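Enquirer: with the sequence up front, the predicted model follows.
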Amino acid sequence: MKALPLASAAALFVLAANSASAAGFALQCGKTFDSASARLLGAKTIVVEGNRIKAVLDGKTEVDGAQSVDLSGHTCSAGFIDLHVHLSNQSNPNSYSEGFRLNPEHYAFRSVGFADKTLKAGFTSVRDLGGEIIPALRDSINQGLVPGPRIWAAGKSIATTGGHADPTNGLNHFLSDAVGHPGPEDGVVNSPEQARQAVRQRYKEGSDVIKITATGGVLSYAKSGDAPQFTVEEIKSVVDTARDYGYKVAAHAHGKEGMKRAILGGVDSIEHGTYMDDEIFALMKKQGTWYVPTVSAGKFVAEKAKIDGFYPEVVRPKAARIGALIQDTLSRAYKAGVPIAFGTDAGVGYHGDNAREFFFMVEAGMPATAALQAATYNAARVLGSTDVGQLKAGLLADVVAMPGDPTADITVTERVDFVMKDGVIVKQP
């Protein structure tokens, strides 16, 4: 069958993708990125049948009965994976007051648009690390009600009293008394037993992954951005209980002591990791703990801290100080051999700009192939998924294509113009 230009065949592709035909597609890629080996390969034809990759053939090949898609001027990759997003929100000067005015329904409707932007930017899978409405968004996407990436949802993050994810931070006495003191059901714990209860509550609510805030944070309404906020025993209780349910555990952490406790407690990944040093690098390598840097968020908050009124005064010094350090931490972590996977903390920055993280990673000294591997093969390992992250027969048909060669110009990742998720084309030029 003769290949059709993408733009002129858009309607046909959508019809074919949603039809009952088993013929599927033949995606004819000029170059392909092999995420397992972190190598750029030559022309390949990716044969898609249903929602899975049936075969990856050498060269530009016609496949009987399949609709050919000419991507000869593009580099194809497995769909990108962002391991740290918050789809229910996006930073703006009113973010702090909105918490008093908006209902969960408002955040739910916002999240639909944010999810669509994320998918069309080439991120076919994400791990959402904190948002009570996100399990419902995940289910709505899975049911085909709204477009969006495949979501691993943490639901409510787990914190200690006054910690980064304590929802009552910043409330006056009147409001605190009215709201009450949050406990394990609300994701706030102060003992190993309460930590165990909080994980079980997340299971009850349908979470896919557990997120703890092992240190203070930049944007929480509290003074410290790096103080440790869990004991090792509390973290071990979280991790041990999470393992009962097959959960991975991600730890938000900026300060060294909090990171050390989280790693010793058995978490799977450290998010942000601002004040890592050689001792932490060595410990992470020994324990097999992944690092998810989120340089994009650091750059964003450092820039917005310069603007009067964008953040409360208690937040501005933390944003200016901590945000500016994360890219350097990534550079040192990569040189030290720490295992690195891709995450942006989108929601702190703008949804849809996720691929800018690739540029920051390369700017920090990572080869483009290593940055691409971080967002595909490595990210899938962090998720514990064998269904995504590679262009390989039998895996889910999540494919993105970008014009040009990302190993020569990493910014082409910001111009993804072909996106397929689950065998369905959701974007084309």
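Expert: That came through fine. Quick caveat: nothing in here was measured; it's all calculated off a predicted structure.

Enquirer: who are the contact partners of A159?
Expert: 165-166, 187-189, 212-213, 229 (C-beta atoms under 8 Å, 6 or more residues apart in numbering). Placement of C-beta: from N, CA and C, glycine included.

Enquirer: hmm, 10 Å instead?
Expert: Applying C-beta atoms under 10 Å, 6 or more residues apart in numbering to A159 gives the contacts 130, 165-167, 169, 182, 186-189, 198, 211-214, 216-217, 220, 229-230, 252.

Enquirer: how's this structure carved up into domains?
Expert: Split into domains by automatic domain parsing, the chain comes to 7-79+389-427, 80-354.

Enquirer: need those in a markdown table (columns: distance to A371 and mean pLDDT).
Expert: Formatted as a markdown table, the domains of the chain follow (distance: least, C-beta to C-beta, whole Å; pLDDT from 0 to 100):
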| stretch | distance to A371 | mean pLDDT |
| --- | --- | --- |
| domain 7-79+389-427 | 7 | 89 |
| domain 80-354 | 7 | 93 |
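
Enquirer: so which of those domains gets nearest Y377?
Expert: Closest approach to Y377 among the domains of the chain is made by domain 7-79+389-427 (3.8 Å; C-beta to C-beta).

Enquirer: re the thing from before, restricted to strands, list the contacts of A159.
Expert: Among these, the residues falling in strands (DSSP state E) are 188-189, 211-213, 252.

Enquirer: now the residues you listed in a markdown table, with neighbour count and distance to L119?
Expert: Shown next, in a markdown table, are the ones in strands among the contacts of A159 (neighbours: other C-beta atoms under 10 Å; distance: C-beta to C-beta, whole Å):
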| residue | neighbour count | distance to L119 |
| --- | --- | --- |
| V188 | 23 | 33 |
| V189 | 26 | 34 |
| K211 | 31 | 22 |
| I212 | 36 | 28 |
| T213 | 27 | 27 |
| H252 | 31 | 25 |
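
Enquirer: ok, those residues vs T411, which is closest?
Expert: Of all the ones in strands among the contacts of A159, T411 sits closest to H252, with 28.5 Å by C-beta to C-beta.

Enquirer: now R52. Its backbone dihedrals?
Expert: When quoted as degrees, to the nearest 10, the phi and psi of R52 stand at phi -130, psi 160.

Enquirer: relative to the whole chain's centre, how far out is stretch 94-105?
Expert: 23 Å (C-alpha atoms, centre = their mean, to the nearest Å).

Enquirer: about what we covered before: PyMOL command for the buried members of the contacts of A159?
Expert: Under the burial definition 16 or more other C-beta atoms under 10 Å, those of the contacts of A159 that qualify are selected in PyMOL by:
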select buried, resi 130+165+166+167+169+182+186+187+188+189+198+211+212+213+214+216+217+220+229+230+252
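
Enquirer: how far out from the middle of the chain is stretch 215-234?
Expert: On C-alpha atoms, centre = their mean, the centre of stretch 215-234 falls 21 Å from the chain's centre.

Enquirer: what's the answer for stretch 311-330, then?
Expert: 20 Å.

Enquirer: first-to-last residue distance for it?
Expert: Distance across stretch 311-330, first residue to last, is 25 Å (C-alpha to C-alpha, to the nearest Å).
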